[in-house]
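Novice: Provided below for reference: sequence and predicted model.
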Amino acid sequence: MVVFLRGCNFKCCYCQNYRIWGIALPVRSDGLLLEIQRNKGYVGALVFSGGEPTLRPNLLRLLAKEAKREGLLVGIETNGSYPEVLKTLIASDLLDGLFVDLKAPVSNPRKYARIAGVADARVSLEKIEQTIEIGRAAFAANELIAFELRTTLFKGLLHQDEIVEMVNQFRDIPYVLQQGRTEVCPRKNLIALTRDELITLAIQCRRPLRVRTLENGDEKVT
């Protein structure tokens, strides 16, 4: 079960959920709690996405507690810019899976800012690196069941050498190259990579990783 929370500190040019960037009238938390209870017999996990779910730490904690009480695993898809929220959830045994979206090499703040749609990415990059270290340590200590870095790819946004750099900077962390979906992007001139192009890129990274496409789902590349 996926819960999308409104609002985001990034405005990525390929965001598939750009329609919920803004904060609208809030949904009552008791309504979300009821949905969790209704669905608990059909699902094994609750995943928070967005927007950026860590912008809503109190709501996250409330819903994660209820999910754990109902026997569900809890995961978060995040841009990584609020490590303190994630650290608190892990310390409270309220998080089982952490999935971090990397937009560009962390060594290139200018490109990161351009893709993420922010004026300056330097502060966020420091936070993102903290998030990765928190996830790495928690995964190694078996405090997380799943930990994944992922990058969504379109033609022309990142060069091949930049993709190889990103993937190999974190060789000890599971990594996924995702096929971008042009039909749901706010920017209309983006071009998606084919499954074969993604596989070729993955092979050039010379490390085990996964490729995720609409047509084939997850595929391991070694």
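Specialist: Okay, I see it.
Novice: separation between the residue nearest to Ser92 when sequence neighbours are not counted and Arg150?
Specialist: In this structure, Ser92 finds its nearest non-sequential neighbour in Arg61, 7.5 Å apart by Cβ to Cβ, 6 or more residues apart in numbering. Glycine gets a C-beta too; all of them are placed from N, C-alpha and C. Distance, Arg61 to Arg150, using Cβ to Cβ, to the nearest Å: 24 Å.
Novice: how about Glu126?
Specialist: Distance from Glu126 to Arg150, by Cβ to Cβ: 20 Å.
Novice: neighbour count: the two, which is higher?
Specialist: For the pair Glu126 and Arg150, the greater number of neighbours falls to Arg150 (17 against 14), based on other Cβ atoms under 10 Å.
Novice: residues contacting the one helix or strand the more buried one maps to, please?
Specialist: Arg150 is part of strand 146-153 when elements are defined by DSSP states H and E. Applying Cβ atoms under 8 Å, 6 or more residues apart in numbering, the set of residues contacting strand 146-153 from outside is 14, 75, 96-103, 132, 135-136, 138-139, 158, 163, 166-167, 170, 173-180, 193, 198, 201, 212.
Novice: now go through these and say which are in helices.
Specialist: Ile132, Gly135, Arg136, Ala138, Phe139, Ile163, Met166, Val167, Leu198, Leu201 (DSSP state H).
Novice: may I ask which of the residues you listed has the most neighbours?
Specialist: Gly135 (29 neighbours).
Novice: what's the distance between that one and Glu143?
Specialist: 10 Å.
Novice: and if you look at Leu63?
Specialist: With Cβ to Cβ as the criterion, Leu63 and Glu143 are 20 Å apart.
Novice: those two: who's more crowded?
Specialist: Using other Cβ under 10 Å as the criterion, Leu63 and Glu143 rank with Leu63 on top: 23 against 17.
Novice: my guess is the more buried one meets Ile36, correct?
Specialist: Yes: contact criterion Cβ atoms under 8 Å: Leu63 and Ile36 qualify, at 6.9 Å.
Novice: mind pulling up the pLDDT for the closest residue to Tyr82 other than its chain neighbours?
Specialist: Counting by Cβ to Cβ, 6+ apart, Tyr82 lies nearest to Thr54, which is 3.8 Å off, once chain neighbours are set aside. Reading off the confidence values, Thr54 has pLDDT 96.
Novice: A helix includes Thr54, no?
Specialist: Yes: Thr54 sits within a helix when classified using DSSP: H, G, I helix; E, B strand; the rest coil.
Novice: thought it was touching Glu77?
Specialist: No: under the criterion of Cβ under 8 Å, Thr54 makes no contact with Glu77, lying 10.1 Å away.
Novice: who has more neighbours out of the two?
Specialist: Thr54 (23 against 20).
Novice: measure the more buried one to Leu95 for me?
Specialist: Taking Cβ to Cβ, one finds Thr54 at 11 Å from Leu95.
Novice: tell me, what's touching these two both at once?
Specialist: Both Thr54 and Leu95 are contacted by Ile76, Leu86, under the criterion Cβ under 8 Å, 6+ apart.
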